[in-house]
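Student: quick check, what structure comes out for this input:
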Amino acid sequence: MTKTQAPNQDERRSAIMQAAFMLFGQVGYAKATMKDIAAKAGVAQGLIGYHFSTKETLLVEVVREWMINKGMKEAFARLDLHVSPAEILQQGLLHVVEFRKENPEWFTLLISLWTESVNNEKLAKELLELYKEMKSGIMEVIDRMELQLEKSEKETLASLIQAVFDGLALQAPVLLSPEPLSREQVSRGIGWMLEGIRSATQKKGESNHE
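Tutor: A predicted model of the protein is given here:
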């Protein structure tokens, strides 16, 4: 392979990913064909198989790219970890809202993966791995927030944050709502979540001193 071939392959792979994201997000996984994806990407259909082997693999890689790399990693990279825990969480959740608005196809794409994984063991396992990756990233941020929580409690908080992310995505169809939650609603909800953590921590501290 020459030095000029690798960048071209990377560009074609990226074009396939972008085309699949658009089509999966616009018409759904079931209706989007490999032929349509190839045409939109401007590549030969066989090249999709070369890079992704199956349509299922392509779906998983597209979701991983937008969920982990473009979604979660970009959000975490923008976080200001020198502010209060409430402000850190608010930054992250508001990024989810903005990400959804900027990527309207994301809703249908994620729903496609959830739906297809119900009767597809391979996709179900891949979905589980994606959520493990996401939870691991959230745990890193929680650790930096210096909350007085045990590991199991941090894992519970990470799961709750994941549930909020999913909830925002489920409220995301542009035709139903241009903005699922307002900044004020997100801020208030985070306040409630952290107030519950503080209350539980205080009660645990009081019990330990009795």
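Student: going forward, measure contacts between C-alpha atoms and count neighbours the same way
Tutor: OK.
Student: which of the residues in stretch 70-84 are buried?
Tutor: Buried residues in stretch 70-84, counting neighbours by 16 or more other CA atoms under 10 Å, are found at 71-76, 79, 81.
Student: hang on, I meant stretch 29-38
Tutor: 29, 32-34, 37-38.
Student: same list (those residues) but as a markdown table, adding distance to residue 195 and pLDDT.
Tutor: Listed next are the buried residues of stretch 29-38 as a markdown table, based on distance: CA to CA, whole Å; pLDDT from 0 to 100:
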| residue | distance to residue 195 | pLDDT |
| --- | --- | --- |
| 29 | 41 | 88 |
| 32 | 45 | 93 |
| 33 | 48 | 94 |
| 34 | 49 | 94 |
| 37 | 47 | 96 |
| 38 | 50 | 96 |
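Student: in strands, which of the residues you listed fall?
Tutor: Counting by DSSP state E, those place none of their members in strands.
Student: could you dump those residues into a markdown table and include distance to residue 63?
Tutor: Shown next, in a markdown table, are those (distance: CA to CA, whole Å):
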| residue | distance to residue 63 |
| --- | --- |
| 29 | 12 |
| 32 | 15 |
| 33 | 17 |
| 34 | 16 |
| 37 | 15 |
| 38 | 18 |
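Student: number of nearby residues for the residue nearest to residue 123 when sequence neighbours are not counted?
Tutor: Leaving out its chain neighbours, the residue that sits closest to residue 123 by CA to CA, 6 or more residues apart in numbering is residue 117, at 4.8 Å. Neighbour count for residue 117, taken as other CA atoms under 10 Å: 18.
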